[in-house]
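A.B. asks: dropping the sequence and predicted coords here.
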Amino acid sequence: MEYGYITWNILILIYSVLRLVESQLPPMSGPDAPVLDTAAVTVTVAQGMTASLPCRVQNPGDTDVSWFTADYVILTTSDLILNDDSRLSVDTENPGEWNLVIVNVQEEDTGTYKCMLQSFPPQEKFVTLKVNTPPVIDKGSLKERYLFQKGESLTVICKVSGYPEPFVKWYAFKTITSTMEEVKELVSETAELVFEILQANDGGIYRCEAVNEMGKDMYEIFLQEVYEPRLKAINKTIVVKQYLDAVLQCEIESNPSAKTGWQRDGKLLKTNFKYNVAKYTESEYKIVTELTINEADKLDSGEYLCLATNFYGRKRIKFNVIVDVPTTTTQSTTTTTTATTTIKVPKSTEKSTSLSTGSHDKLKETTTIKYVEGPKTGPARDSASINTYSCTLILSVYSILLLLIL
């Protein structure tokens, strides 16, 4: 019973308030009643300019007009500003007009505003403000560099604001190898740059371009392939003469850059009196690492490994070093001793005996016949000369005897 009594009193109070408000509001009927132009309006201005949102009342009398945002945040009432935005004002220069003025409009001012005539029931007019703004790419949603591995998929979305709605396109910049000329190639006519299966040649510079009547914005990204180290031996077999330096060169291409090293028999080689390890940079992704074996000897012959490691893998390549050591040849020396014995023989001959000692220490006996008679300084006569002389002498004696007989 008590609850019903309270409810009834509340209803009576509300009714009394409404009757009081109604008595204070302008009449809603008749030729002198205020009438708000409730036709919806759209106002479009360029960013940075001044916007005037219209609100006109016929037969305003003592009527007050208020401005609200779309979510009923009050901005003004009559010509009084109830917001701390210093850009706002109410233009009441013309009778019956309560135009909301916003100077230096920005993109965030875009939206719907409501002009309300304080009548019973209230009359409302909706005004939509659109601010023409140049395209602005949301660069925070993009990365400068996108890393990919061959075979992966990738979608990059270029988020753009601006009014009127900008046209968004993606371009790729490719270099023609033969002429080294850079060309601009359209690859997408939407805000999405899509790669279903990435290949190595998809790497490079891509540009998002957004355009409307107010201007243009652009942003470039770089697609870069990442891969495990790729090793190449400039010469896998190194042949060097003993006591000369042996130089091993290993070419490494990788992205990201690789940690490198040289190894033999499972041990990492470092620069010391025997080895010198050096590294040379050829490009952003390519280096050459060099191992020098100082004064290579026979023990330095064998296998050496060039190693390279990065986040995507580990690779190695084998080198073979051959040290040419000259061979040593032992020669035997043979000494020959000759002993000569001379024996005098009767009449015209002399017999001599020679003893020869060879490499096996055996004695050889040789016998020669020398004729003592005749000139000691002349040439030696051999047996053929003696025979010829004897024959001539016999023929001469025979001829003389034959003449005597005849």
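C.D. replies: Happy to help now that I have it.

A.B. asks: could you list the low-confidence segments of this structure?
C.D. replies: For the chain, residues meeting the criterion pLDDT under 70 lie at 1-30, 329-393, 397-399, 402, 406.

A.B. asks: domains of it?
C.D. replies: By the assignment in automatic domain parsing, the chain contains the domains 34-132, 138-225, 228-324, 337-385.

A.B. asks: so for Ile400, which of those sits nearest?
C.D. replies: domain 337-385 (23.6 Å; C-beta to C-beta). Just so you know, the C-beta spots here come from the backbone N, C-alpha and C atoms, and that holds for glycine as well.

A.B. asks: helix or strand: which one has Trp67?
C.D. replies: Using DSSP states H and E, Trp67 sits within strand 65-69.

A.B. asks: that strand: which residues count as buried?
C.D. replies: Val65, Ser66, Trp67, Phe68 (16 or more other C-beta atoms under 10 Å).

A.B. asks: setting aside sequence neighbours, what's the nearest residue to the last one?
C.D. replies: It refers to Phe68. Residue nearest to Phe68 in three dimensions, not counting chain neighbours: Lys114, with 4.5 Å by C-beta to C-beta, 6 or more residues apart in numbering.

A.B. asks: other SSEs contacting the helix or strand hosting the one you found?
C.D. replies: Assessed by DSSP H and E, Lys114 sits inside strand 111-117. When contacts are defined as 3 or more C-beta pairs under 8 Å, 6 or more residues apart in numbering; DSSP states H and E, strand 111-117 sits against strand 65-69, strand 123-137.

A.B. asks: just the angle between it and strand 65-69, please?
C.D. replies: Calculated by axes from the mean of the first three to the mean of the last three C-alpha atoms, to 10 degrees, strand 111-117 forms an angle of 160 degrees with strand 65-69.

A.B. asks: and strand 111-117, what's buried?
C.D. replies: Tyr113, Lys114, Cys115, Met116, Leu117.

A.B. asks: same question for stretch 55-71.
C.D. replies: By neighbour count with 16+ other C-beta under 10 Å, stretch 55-71 contains the buried residues Cys55, Arg56, Val57, Pro60, Thr63, Asp64, Val65, Ser66, Trp67, Phe68.

A.B. asks: one step back: widest-spaced pair of the buried residues of strand 65-69?
C.D. replies: Every pair of these checked by C-beta to C-beta; the farthest is Val65 and Phe68, at 10.7 Å.

A.B. asks: where do the contact lists of those two overlap?
C.D. replies: Met116 (C-beta atoms under 8 Å, 6 or more residues apart in numbering).

A.B. asks: where exactly do the helices run in the stretch 1-150 of the chain?
C.D. replies: Remark: helices assigned in the stretch 1-150 of the chain by DSSP state H, counting those that start in this stretch are 2-24.

A.B. asks: again but with the stretch 251-400 of the chain, I slipped
C.D. replies: Secondary structure of the stretch 251-400 of the chain (DSSP H, counting those that start in this stretch): helices at 383-405.

A.B. asks: strands of that one, start to end?
C.D. replies: 259-264, 267-268, 275-281, 286-293, 302-310, 313-324, 337-344, 349-357, 363-371 (DSSP state E, counting those that start in this stretch).

A.B. asks: out of the buried residues of strand 111-117, flag the one nearest to Thr179.
C.D. replies: Using C-beta to C-beta, the buried residues of strand 111-117 come closest to Thr179 at Tyr113, 58.2 Å.

A.B. asks: could you find the closest non-adjacent residue to that closest one?
C.D. replies: Using C-beta to C-beta, 6+ apart, the closest residue to Tyr113 is Val127 (4.9 Å).

A.B. asks: quick check: the one you found touching Val41?
C.D. replies: Yes. Using C-beta atoms under 8 Å as the test, Val127 is close enough to Val41 to be in contact (4.9 Å).

A.B. asks: the more surrounded of those two?
C.D. replies: Neighbour totals were compared for Val127 and Val41, and Val127 leads with 22 against 15 (other C-beta atoms under 10 Å).

A.B. asks: ok so, going back, now what about the strand holding Lys114, what contacts it?
C.D. replies: Applying C-beta under 8 Å, 6+ apart, the contact partners of strand 111-117 are 34, 36, 53, 55, 57, 63, 65-70, 72, 75, 98, 100, 122-129.

A.B. asks: show me the contacts for the closest residue in space to Leu88 that isn't next to it in sequence.
C.D. replies: Leaving aside its sequence neighbours, Leu88 sits nearest to Ile81 (C-beta to C-beta, 6+ apart; 5.6 Å). Ile81 sits next to Leu75, Leu88, Ser89, Val90 when contact means C-beta under 8 Å, 6+ apart.

A.B. asks: wait, the first one sits on Leu100?
C.D. replies: Yes. Taking contacts as C-beta under 8 Å, Leu75 lies within contact range of Leu100: 7.0 Å.

A.B. asks: what do the two both touch?
C.D. replies: Trp67, Leu88, Tyr113.

A.B. asks: ok, the last one to Val90 distance?
C.D. replies: Shown here: Tyr113 relative to Val90, a distance of 12 Å by C-beta to C-beta, to the nearest Å.

A.B. asks: same check, this time on the first one
C.D. replies: The gap separating Trp67 from Val90 is 7 Å, by C-beta to C-beta.

A.B. asks: next, show the common contact partners of these two.
C.D. replies: Here Trp67 and Val90 have Thr76, Trp98, Leu100 as joint contacts, going by C-beta under 8 Å, 6+ apart.

A.B. asks: which one of these is nearest Gln149?
C.D. replies: Of all these, Leu100 has the smallest distance to Gln149: 56.8 Å, by C-beta to C-beta.

A.B. asks: hang on, the earlier thing: most neighbours, which of the contacts of Ile81?
C.D. replies: Val90 leads the contacts of Ile81 on contacts (other C-beta under 10 Å) with 21 neighbours.

A.B. asks: so what's that one up against?
C.D. replies: By C-beta under 8 Å, 6+ apart, the residues touching Val90 are Trp67, Thr76, Ser78, Asp79, Leu80, Ile81, Trp98, Asn99, Leu100, Val101.

A.B. asks: quickly list what it is bridged to.
C.D. replies: Beta-bridge partners recorded for Val90 (DSSP bridges): Leu100.

A.B. asks: could you check how far Pro34 is from Ile317?
C.D. replies: From Pro34 across to Ile317, the span is 93 Å (C-beta to C-beta).

A.B. asks: equivalent analysis for Asn132, please.
C.D. replies: Distance from Asn132 to Ile317, by C-beta to C-beta: 62 Å.
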